[in-house]
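S.K.: Need a 3D model of the following:
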Amino acid sequence: MSVTSIDYEEPNVETYKSVRVSYNFNKDEKVFDSGDFVKDWYDATKFTIHLDTQEFHHSNSSSVDHFIMDGAKFDTMYLTVEDGEPCLVTNHDEAMEFFVKEGTTPTWLELRELCGDKKKEK
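M.R.: Numbering: from 1, shown residues only. Sure thing, here's the model as predicted:
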């Protein structure tokens, strides 16, 4: 089991510190604290999907909703596959959630580049 949370002093989103993933039934945790929420969320999500657990279940703590509701300037986009290619869309059920700077709509590759995770050439 793993849980993602956002460290900040509610309700002031300007106090953002990090995205934290607690896993192995809260015995372990990984902190993503680059200072860039978009990158930290991306890296935490990537870390989470690579966790090696027998009984995988993941959820977000209420701090994720609170951070956005408290006025953080980020929009949600979802990773899905269209025509066999990964892409980000603004509305999709059952897709992986990512955050982007408010008012932007990067492609999946652009988000990866923004987060320093360039696609490796074959």
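S.K.: nearest residue to D70 other than its sequence neighbours?
M.R.: Spatial nearest neighbour of D70, excluding adjacent residues (C-beta to C-beta, 6 or more residues apart in numbering): P11 at 4.3 Å. Every residue, glycine included, has its C-beta placed from N, CA and C.
S.K.: List the contacts of the one you found.
M.R.: Listed by C-beta atoms under 8 Å, 6 or more residues apart in numbering, the contact set of P11 reads 66, 70-71.
S.K.: Repeat that for P86.
M.R.: 79-80, 108.
S.K.: wait, isn't I68 in contact with F74?
M.R.: Yes. Contact criterion C-beta atoms under 8 Å: I68 and F74 qualify, at 6.8 Å.
S.K.: Which one's more surrounded, those two?
M.R.: Shown here are I68 and F74; by other C-beta atoms under 10 Å, F74 has more neighbours (19 against 16).
S.K.: what's the neighbour count on the residue lying closest to that one once chain neighbours are set aside?
M.R.: With sequence-adjacent residues excluded and distances taken as C-beta to C-beta, 6+ apart, F74 is closest to F99, at 4.3 Å. Other residues near F99 come to 23 when the count uses other C-beta under 10 Å.
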